[in-house]
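In: Need a 3D model of the sequence below.
(chains A and B)
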Number of protein chains: 2
Amino acid sequence: MTERTMHLNAFLMNVGHHEAAWRLPQSDPAANEDIRHYIELARIAERGTFDSVFLADSPALRTDVGQRPATQLEPTVVLAALAVATERIGLVATASTSYNEPYNLARRFASLDHISGGRAGWNIVTNATAEAAHNFGYDELPSHSERYRRAEEFVEVSQRLWDSWEDSAELGEKSGAWADTDRVHEIDHRGEHFAVRGPLNVTRPPQGHPLLVQAGSSEDGKNLAAAHAEAVFTAQQTLDEGKAFYADLKDRALRLGRDPETIKILPGIVPVIGDTEQEAARREVELAEHVVHGYALQRLSDTLGVLLTDSDLDRPLPKDLPGEDGIETAKSRYTLIVDMARRDNLTVRQIIHRLSGGRGHRTIAGTPEQIAETLQHWFTSGAADGFNVMPAVLPEGLESFVDHVVPLLRERGLFRESYSGLTLREHYGLSRPANRFTRDRRAAGTSGS
Amino acid sequence: MTERTMHLNAFLMNVGHHEAAWRLPQSDPAANEDIRHYIELARIAERGTFDSVFLADSPALRTDVGQRPATQLEPTVVLAALAVATERIGLVATASTSYNEPYNLARRFASLDHISGGRAGWNIVTNATAEAAHNFGYDELPSHSERYRRAEEFVEVSQRLWDSWEDSAELGEKSGAWADTDRVHEIDHRGEHFAVRGPLNVTRPPQGHPLLVQAGSSEDGKNLAAAHAEAVFTAQQTLDEGKAFYADLKDRALRLGRDPETIKILPGIVPVIGDTEQEAARREVELAEHVVHGYALQRLSDTLGVLLTDSDLDRPLPKDLPGEDGIETAKSRYTLIVDMARRDNLTVRQIIHRLSGGRGHRTIAGTPEQIAETLQHWFTSGAADGFNVMPAVLPEGLESFVDHVVPLLRERGLFRESYSGLTLREHYGLSRPANRFTRDRRAAGTSGS
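Out: Got it, this is the predicted structure:
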């Protein structure tokens, strides 16, 4: 094996990332709320020695519920179920900093880290939809910058809570003390959004802190990622865009005093695998034929802030778009679509077909060899530390990736043959964070125990 | 079997309800954060065909962390793990209405109900400690009545969210719609504490609503229970007190228009089981000998609002207590202790020994026959619909109850031989709640689909 190897995350969503996947004959339209479906998927990914599985989330019902499966089990409880149904694979879930309290969420992720033996990860999101805001007392979505200020403070509080128990502060001495209270700390946080005294009522997580993941690509999102993220799920369509994003984010981390090696960048890919190129292409066409255009048009209109109708389908995008600054939600997604459309001269219909696969993530249709080749090229060209694998159809797309692409990556020395570590941090080659209270206590020259 | 049979809940806490249980030679002092411990306990309870297991909670570190295991995994994620490790037993957890958002919590319990196939229950608490308040932005604990007003509104919002999807509104028709949006409803709640638009992004739970449990015994607590609870965990020391509480709560429910049969009352009992009376007594003594008096004195002082010291140990309680109205937290616990002490002429030392076993719940030490006899007596005398079983030491106390007491209850026709239902509501003999939106729609004469 070469020194540097790839990291693979399996992004589990519904019966697949293609919006029409649920309409295929083999798909179970109720699988999105069936825990057995997620257990099956996690076990397939674990068989493929993936670093982790990932569940996205938003605390609101999607507006397209008439058109496709739009409900979703709350991801942290799903991860807890997966923790006892698997042994080694990492378990990552999205949770919102806008609509949770840090004490509750830090505790839930600490608990997941204990339950899984150090395999928990948190994808930090602020949530960009008015629908979510309406479920939490807001008349409208808080502004982008306000949400990110709250996120920054939320992460800081969470890290302090995870550190509020120093390592091994639990003594369990039956003749004496259960804990060394000199090594259990109030955090006494008072900030713009939160006042939290602590300590946490869960001991320090096995990983120190659960793995921190970030996925937004706006300026605020990239700054949050550079400051805190250890894995970044991103979406670039071309190798050049991938390299530019990669270099930019590593550079931002470096300027904040971090080792760029400690932030792993995983572009999303939607593999559509066939034994031959023709079979892969046939699968893409089958999926596209199941897309409902009226609904896709409406969704694209919402994202771009313009009204598109059937008569626009075979035309390029209108020229009078609002621009990224003119929209409040999902800015990076807006820009990704506009750039892709202009670069490749796409009609609205072509945009819809591209987006239906992976919502802006790169679709790679081809043979296992072609897919492995593309991944290797991105990985060795400075565009990726690994990939966020988003199968178009689940479970079959994940099974096919594990059985046919993973062996090729292993042959090329690009991916592990088996797990060498026990924790998610170990899978990603990341160290366990030092405890800030231990550091401060040692700096002050007190022994504490 | 007779018509009416008992309901049994296993209250899982740490390595047992006796505060000194963790100091016994056989106890693992780290079990409180070990998911395997809880899985073992849930499987023992399921082998005994218990209706449910239960995890209590408070979102703050207990102040006695030096003296005994005081950390606790967040219970909803623990229940999710138990859901996939068991098949039939109900899964109940405490969650706070003071420090959660109803959209998040209603969704998490709906998800647990889906994951477990209809076995989830929620013990509604407001939380009575300043320590918890300090973790959520409050300088001091909100008042008792303010907390209960918020709880009332929280439950109302949660029920509406669970109903926001009518039954079978998910169609899964691949040729047409995934959901019938005429049967998916915004709830448009705007109240004193919450503004929640909905709908929930999880379909209606298999049970309609998760089972609602309540455990407070203050006036506000009893009123909340009478209005909403379907199972009540309570603490009475004597049969007369048990009968009075039972009659009072059933009467309150009746006056609110409920069938008293739909609210199951389960007094807590701490069984200490021996093959002989002498062995049971020896176990009680062994546990009492492991209690640390200094710490117990401090805790009793906090609860009663007076300062007790070593010199008070062999005296009765002082006469100048503040009275229930003079304290803000855990009013019913205050009254329970004072009443018990005066009734039985207890010294402070004797109070401490009684409380160390089950924090005010009734300890029954004896042979399996004696325990079964006592339970039958309470059950047939109008003091209980079943029991909240709180073993002094875990797992051994639960194992002993399942292996030695449960068979006697079965022989007497008082307890099920095997599960007849699939859901927690079916175990408790409770019906599935009607959906208020379906009712309103039918009343309005629209078909909706």
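In: Looking at the stretch 151-300 of chain A, which residue is nearest chain B?
Out: Per Cβ to the nearest Cβ, A:Gly172 is where the stretch 151-300 of chain A lies closest to chain B, at 3.3 Å. C-betas here are computed from N, CA, C, even on glycine.
In: my read is that residue is in a strand, agree?
Out: No - going by DSSP: H, G, I helix; E, B strand; the rest coil, the assignment for A:Gly172 is coil, not a strand.
In: Pull the number of nearby residues for it.
Out: 17 (other Cβ atoms under 10 Å in any protein chain shown).
In: likewise A:Ala384?
Out: When neighbours are defined as other Cβ under 10 Å, A:Ala384 has 27 of them.
In: repeat for A:Phe401
Out: 25.
In: Assign a three-state SS to it, would you?
Out: Look at A:Phe401: counting by three-state DSSP, its state is helix.
In: Next secondary structure after whatever helix or strand A:Ile265 lives in?
Out: Secondary structure assigned from DSSP states H and E places A:Ile265 in strand A:264-273. Using DSSP H and E, the helix or strand that directly follows strand A:264-273 along the chain is helix A:277-289.
In: quick check, that following helix touching chain B?
Out: No - Helix A:277-289 does not reach chain B (Cβ under 8 Å from any Cβ of the partner chain); its nearest approach is 12.8 Å.
In: Extract the C-alpha trace of that helix and format it as PDB.
Out: Extracted as PDB, the C-alpha positions of helix A:277-289 are listed here (Å, rounded to 0.1, in the frame of the first residue of the first chain):
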ATOM      1  CA  GLU A 277     -20.500   1.400 -20.300                       C
ATOM      2  CA  GLN A 278     -23.700   0.600 -22.100                       C
ATOM      3  CA  GLU A 279     -25.300  -1.000 -19.100                       C
ATOM      4  CA  ALA A 280     -24.400   2.000 -16.900                       C
ATOM      5  CA  ALA A 281     -25.800   4.400 -19.500                       C
ATOM      6  CA  ARG A 282     -29.000   2.300 -19.700                       C
ATOM      7  CA  ARG A 283     -29.400   2.600 -15.900                       C
ATOM      8  CA  GLU A 284     -29.000   6.400 -16.100                       C
ATOM      9  CA  VAL A 285     -31.700   6.600 -18.700                       C
ATOM     10  CA  GLU A 286     -34.000   4.400 -16.700                       C
ATOM     11  CA  LEU A 287     -33.700   6.700 -13.700                       C
ATOM     12  CA  ALA A 288     -34.200   9.900 -15.800                       C
ATOM     13  CA  GLU A 289     -37.300   8.400 -17.300                       C
END
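In: From the contact counts, what lies against it?
Out: Where contact means 3 or more Cβ pairs under 8 Å, 6 or more residues apart in numbering or on different chains; DSSP states H and E, helix A:277-289 is packed against strand A:264-273, helix A:348-358, strand A:362-366.
In: tell me the most buried of those?
Out: Sort these by mean neighbour count, taking mean count of other Cβ atoms under 10 Å in any protein chain shown, and strand A:264-273 sits at the top with a mean of 25.
In: Give me the distance between it and the centre of its chain.
Out: The chain centroid and the centroid of strand A:264-273 are separated by 12 Å, computed with Cα atoms, centre = their mean, to the nearest Å.
In: Could you do stretch A:91-98 as well?
Out: 9 Å.
In: Give me the mean pLDDT for that stretch.
Out: Average pLDDT, stretch A:91-98: 98.
In: That one and chain B, are they touching?
Out: No - if you take Cβ under 8 Å from any Cβ as the test, stretch A:91-98 misses chain B, and the best it gets is 9.0 Å.
In: can you give me the strands in chain A?
Out: Counting by DSSP state E, chain A has strands at residues A:7-11, A:52-55, A:90-96, A:120-125, A:189-190, A:195-196, A:211-214, A:231-234, A:264-273, A:362-366, A:386-389.
In: and those strands as JSON lines, adding distance to B:Leu212?
Out: JSON lines is the format used below for these (distance: least, Cβ to Cβ, whole Å):
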{"stretch": "strand A:7-11", "distance to B:Leu212": "36"}
{"stretch": "strand A:52-55", "distance to B:Leu212": "28"}
{"stretch": "strand A:90-96", "distance to B:Leu212": "26"}
{"stretch": "strand A:120-125", "distance to B:Leu212": "30"}
{"stretch": "strand A:189-190", "distance to B:Leu212": "34"}
{"stretch": "strand A:195-196", "distance to B:Leu212": "29"}
{"stretch": "strand A:211-214", "distance to B:Leu212": "35"}
{"stretch": "strand A:231-234", "distance to B:Leu212": "38"}
{"stretch": "strand A:264-273", "distance to B:Leu212": "41"}
{"stretch": "strand A:362-366", "distance to B:Leu212": "47"}
{"stretch": "strand A:386-389", "distance to B:Leu212": "40"}
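In: Which one of these has the poorest average confidence?
Out: Confidence, taken as mean pLDDT, is least for strand A:362-366 of the strands of chain A (a mean of 91).
In: Give me the angle between that one and strand A:264-273.
Out: 40 degrees (axes from the mean of the first three to the mean of the last three Cα atoms, to 10 degrees).
In: Run me through the strand neighbours of strand A:362-366, direction for each.
Out: strand A:264-273 (parallel) (DSSP bridges).
In: Dump the partner strand to CSV, keeping only the CA atoms.
Out: Backbone C-alpha positions of strand A:264-273 (Å, rounded to 0.1, in the frame of the first residue of the first chain) are rendered in CSV as follows:
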residue,chain,number,x,y,z
LYS,A,264,-10.2,15.5,5.1
ILE,A,265,-12.1,16.7,2.0
LEU,A,266,-14.6,14.2,0.5
PRO,A,267,-16.4,15.4,-2.7
GLY,A,268,-19.7,13.7,-3.3
ILE,A,269,-20.0,11.3,-6.1
VAL,A,270,-23.1,9.5,-7.5
PRO,A,271,-21.8,6.2,-9.0
VAL,A,272,-24.0,4.5,-11.5
ILE,A,273,-22.3,1.2,-12.1
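In: in stretch A:316-324, what's buried?
Out: A:Leu317, A:Leu321 (16 or more other Cβ atoms under 10 Å in any protein chain shown).
In: What is the distance between it and the centre of its chain?
Out: The answer for stretch A:316-324 is 29 Å, by Cα atoms, centre = their mean.
In: got the end-to-end distance for that stretch?
Out: With Cα to Cα, to the nearest Å as the measure, the ends of stretch A:316-324 fall 18 Å from one another.
In: hang on, A:Leu141 packs against A:Asn135?
Out: No - using Cβ atoms under 8 Å, A:Leu141 is not in contact with A:Asn135; the gap is 11.6 Å.
In: Quick check, A:Asn223 in contact with A:Arg252.
Out: Yes - judged on Cβ under 8 Å, A:Asn223 makes contact with A:Arg252 at a distance of 6.8 Å.
In: Please see if stretch A:197-212 touches chain B.
Out: Yes - counting by Cβ under 8 Å from any Cβ, chain B is contacted by stretch A:197-212 at A:Arg197, A:Gly198, A:Pro199, A:Leu200, A:Asn201, A:Val202, A:Thr203.
In: likewise stretch A:107-117?
Out: Yes - Stretch A:107-117 lies within reach of chain B by Cβ under 8 Å from any Cβ, at A:Arg107, A:Arg108, A:Ala110, A:Ser111, A:Leu112, A:His114, A:Ile115.
In: what's the neighbour count on the second one?
Out: Burial measure for A:Arg108: 26 neighbouring residues, criterion other Cβ under 10 Å.
In: what residues are up against the residue lying closest to A:Leu112 once chain neighbours are set aside?
Out: Leaving out its chain neighbours, the residue that sits closest to A:Leu112 by Cβ to Cβ, 6 or more residues apart in numbering or on different chains is A:Ala120, at 4.0 Å. Residues in contact with A:Ala120 (Cβ atoms under 8 Å, 6 or more residues apart in numbering or on different chains) are A:79, A:83, A:90-92, A:109, A:112-113, A:205, A:207, A:210-211, A:424.
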